[in-house]
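[1] Got a predicted model here, sequence first, then my questions.
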Amino acid sequence: MPKIRKVLVANRGEIAIRVMRTCKELGIATVAVFSEADRSALHVRTADQAYLVGPPPSRESYLVQERILEVAKQSGADAIHPGYGFLSENASFVRACEKAGIIFIGPPAAAMDAMGEKTRARANMIQAGVPVVPGSTEPIKTPEEAREYAQQIGFPIMLKAAGGGGGKGMRRVEGLHDFDSAWRSAKSEAMSSFGNDSVYIEKYLEKPHHVEIQVFADQYGNTVHLNERECSAQRRHQKVVEETPSPILTPELRAKMGEVAVKAAKAVNYVGAGTVEFLVDVHRNFYFLEMNTRLQVEHPVTEWVTGLDLVAMQIRAAEGEKLPLFEAPEPRGHSIEVRVYAEDPARNFMPSPGKITHLRVPGGPNVRDDSGVFGGFTVPNFYDPMISKLSVWAPTCAEAIARAKRALSEYVVKGITTNIRYLHGILSHPEFVGGDYDTSFLTREHPTLLGDEDPQLSEVAMLASTLHAFQRDQKRAKTLPSGAGAGGTGRISPWRLALKNRRR
Ligand code: MV4
């Protein structure tokens with residue numbers, strides 16, 4: 001079995017540092033790559049060696065496959081960890097690593113191919129017996145064909161780009177009257193985002209939850225799931241807060257979704273850490289959305305409740321070790337992660353790069369700050385403005401919320417604007433605390449989350465949203481099938497029970 005002795009981390013910021021930390025603990029040497037904008041970045045200082053790979057734009061530096069491979073050879077690295085983003089889901093890069101005799105710490109290229117194109121992924125999942133959102137499994141060629149298909153499955157429908165996920169090239173269509181304009185704009189956005197204007201159709205799910213399952217596989221087909229992450233707190237398809245366990249899962253639903261996620265991974269011969277994303281509807285039906293074939297930003301919450309080091313597991317799997325566990329670990333306690341961004345929530349979340357003149361990072365029991373910055377660092381404007389991920393663990397959800405708020409209140413970042421107060425507002429919001437927030441939460445509640453300067457006004461906003469949440473509960477109790485809600489049967493549903501426990 002090949003032992004990995006030196007890892008090139010083909011990334012920057014907090015994730016590069018996260019990977020290097022585990023390497024150090026395993027006695028593995030690290031190599032950083034950096035652009036001209038990142039000469040003084042923390043990941044460069046953290047690595048044992050560092051190489052300049054190009055000018056600031058990532059197209060000319062972090063994304064240049066030949067240059068990254070050249071550095072790997074020059075430095076004597078035997079493996080490359082891609083982090084997330086950049087080259088992490090690029091099958092041609094995986095093949096280039098293979099050709100160069102360098103271990104890619106991630107899934108095989110074929111597994112990426114099977115999941116990369118969305119209609120192909122859907123067809124593969126149907127084949128494997130995984131439930132997918134009702135809709136087409138091939139791109140639709142003409143608007144006539146699309147209109148006919150839409151009428152068949154019934155409006156509202158969603159037009160989605162086949163070339164990639166993440167909400168780009170996605171349009172909700174109410175009916176025939178707005179079909180043509182949605183068709184045109186979905187196609188042109190798909191083209192500019194993915195260089196592929198293929199579009200397919202799905203039935204539109206109202207206010208779904210985004211729940212994803214972490215999976216892990218070794219090279220011998222042993223595959224487990226490592227429980228879920230609730231990721232419904234998103235804005236513009238960017239996750240803002242993640243937590244595990246999900247407040248809407250019962251142990252039974254967790255086991256069912258976990259089993260399906262393992263089936264999905266096995267169907268594409270997956271190896272390493274992966275995530276199967278699901279949409280969960282109001283009746284708690286769940287549907288495969290896409291599979292992310294990489295380590296994800298929000299992996300720390302899974303590490304908190306399982307006690308595992310996912311990066312160490314990735315490295316061991318890449319070396320050919322067998323999986324050390326054969327069934328899902330029981331989630332222990334509760335974990336929440338918030339993403340700290342250099343951005344201004346009051347100015348439509350405009351990025352706020354610049355020099356951090358003063359920095360105090362939170363600490364204390366069961367608080368983890370995965371940061372890519374330091375006091376005196378200038379946040380460049382070329383990359384994603386996330387500067388850190390703050391994650392906490394506590395025995396119960398209520399304690400985890402209290403701990404995350406406490407940690408946020410310790411966070412001091414001067415010189416640039418951050419979303420720290422906004423994050424505190426989310427964690428204080430009754431809908432978040434109640435645990436039944438769906439993917440419409442952050443957009444819908446935007447005004448109440450901004451943290452008004454006038455405390456009386458924000459009090460009113462909070463009260464209004466409490467009433468709103470109450471109304472939603474009432475409505476849901478009426479619309480859910482008996483047993484699923486409190487719905488007149490006098491029974492307390494497992495979900496309600498979970499919510500009650502949440503307030504302990
Ligand atoms: C949907 C949907 C409703 N119905 N598909 C958004 C990102 C992309 N990965 C899929 N997304 C959605 N797909 C159908 N058929 C609603 C969303 C959606 C969403 C999903 C996950 C998290 C946040 C979201 C916010 C708005 C819409």
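    That came through, no problem.
[2] C-alpha only now, for contacts and for neighbours.
    Will do.
[3] nearest spatial neighbour of whichever residue of the stretch 351-500 of the chain sits closest to the ligand, skipping sequence neighbours?
    Nearest to the ligand in the stretch 351-500 of the chain, going by CA to the nearest ligand atom, is residue 439, at a distance of 4.6 Å. Spatially, and ignoring its direct neighbours in sequence, residue 439 is nearest to residue 232 (4.5 Å; CA to CA, 6 or more residues apart in numbering).
[4] The residue of the stretch 351-500 of the chain closest to the ligand and residue 208 touch, don't they?
    Yes. Counting by CA atoms under 8 Å, residue 439 touches residue 208, with 6.0 Å between them.
[5] Can you tell me, leaving aside adjacent residues, what's nearest to residue 186?
    residue 169 (4.5 Å).
[6] Next, give phi and psi for that neighbour.
    phi 70, psi 30 (degrees, to the nearest 10).
[7] Residue numbers of the chain in contact with the ligand?
    Counting by CA under 6 Å from any ligand atom, the chain comes close to the ligand at 133, 158, 165-167, 202-205, 210, 232, 234, 237, 439.
[8] now do 8 Å
    133-134, 157-158, 165-168, 170, 202-210, 231-239, 279, 289-290, 439-440 (CA under 8 Å from any ligand atom).
[9] Filter the residues you listed down to the buried ones and hand me the ChimeraX line.
    If you want just the buried ones from those in ChimeraX, going by 16 or more other CA atoms under 10 Å, the selection is:
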select :133,157,158,165,168,170,202,203,204,205,207,208,209,210,231,232,233,234,239,279,289,290,439,440
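[10] pLDDT (mean, whole number) over the host helix or strand of residue 45?
    For residue 45, the element it lies in under DSSP states H and E is helix 42-46. Helix 42-46 carries an average pLDDT of 98.
[11] what's the next helix or strand after that helix packed up against?
    For helix 42-46, the following helix or strand on the C-terminal side (DSSP H and E) is strand 49-54. Here strand 49-54 touches strand 29-35, helix 65-75, going by 3 or more CA pairs under 8 Å, 6 or more residues apart in numbering; DSSP states H and E.
[12] Which residues does the next helix or strand after the longest one contact?
    Next in sequence after helix 65-75, counting helices and strands by DSSP H and E, comes strand 79-81. Applying CA atoms under 8 Å, 6 or more residues apart in numbering, the contact partners of strand 79-81 are 4, 6-10, 19, 72, 102-106.
[13] For the ligand, state which of those is nearest.
    Of those, the one sitting nearest to the ligand (CA to the nearest ligand atom) turns out to be residue 106, at 21.3 Å.
[14] and that closest one, that one's in a helix?
    No. With DSSP: H, G, I helix; E, B strand; the rest coil as the criterion, residue 106 is coil rather than part of a helix.
[15] OK, contacts around it?
    81, 82, 88, 271, 272, 273, 293, 294, 314, 318.
[16] and those residues as JSON lines, adding secondary structure and pLDDT?
    Shown next, in JSON lines, are those (DSSP: H, G, I helix; E, B strand; the rest coil; pLDDT from 0 to 100):
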{"residue": "81", "secondary structure": "strand", "pLDDT": "99"}
{"residue": "82", "secondary structure": "coil", "pLDDT": "98"}
{"residue": "88", "secondary structure": "coil", "pLDDT": "98"}
{"residue": "271", "secondary structure": "coil", "pLDDT": "98"}
{"residue": "272", "secondary structure": "strand", "pLDDT": "98"}
{"residue": "273", "secondary structure": "strand", "pLDDT": "98"}
{"residue": "293", "secondary structure": "coil", "pLDDT": "98"}
{"residue": "294", "secondary structure": "coil", "pLDDT": "98"}
{"residue": "314", "secondary structure": "helix", "pLDDT": "98"}
{"residue": "318", "secondary structure": "helix", "pLDDT": "98"}
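[17] Take the residues you listed and lay them out in JSON lines including neighbour count.
    Converted to JSON lines, the contacts of residue 106 look like this (neighbours: other CA atoms under 10 Å):
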{"residue": "81", "neighbour count": "23"}
{"residue": "82", "neighbour count": "27"}
{"residue": "88", "neighbour count": "24"}
{"residue": "271", "neighbour count": "26"}
{"residue": "272", "neighbour count": "27"}
{"residue": "273", "neighbour count": "28"}
{"residue": "293", "neighbour count": "27"}
{"residue": "294", "neighbour count": "21"}
{"residue": "314", "neighbour count": "24"}
{"residue": "318", "neighbour count": "24"}
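[18] Pretty sure residue 225 is one of the things residue 258 touches, is it not?
    Yes. Taking contacts as CA under 8 Å, residue 258 lies within contact range of residue 225: 5.6 Å.
[19] which of those two has more neighbours?
    Set residue 258 next to residue 225 and count neighbours by other CA atoms under 10 Å: residue 225 wins out with 28 against 23.
[20] State the distance from the more buried one to the ligand.
    Note on residue 225: its distance to the ligand, by CA to the nearest ligand atom, to the nearest Å, is 20 Å.
[21] Quick check: that residue is in a strand.
    Yes. Counting by three-state DSSP, residue 225 is located in a strand.
[22] you'd agree it is up against residue 255?
    No. Using CA under 8 Å, residue 225 is not in contact with residue 255; the gap is 9.2 Å.
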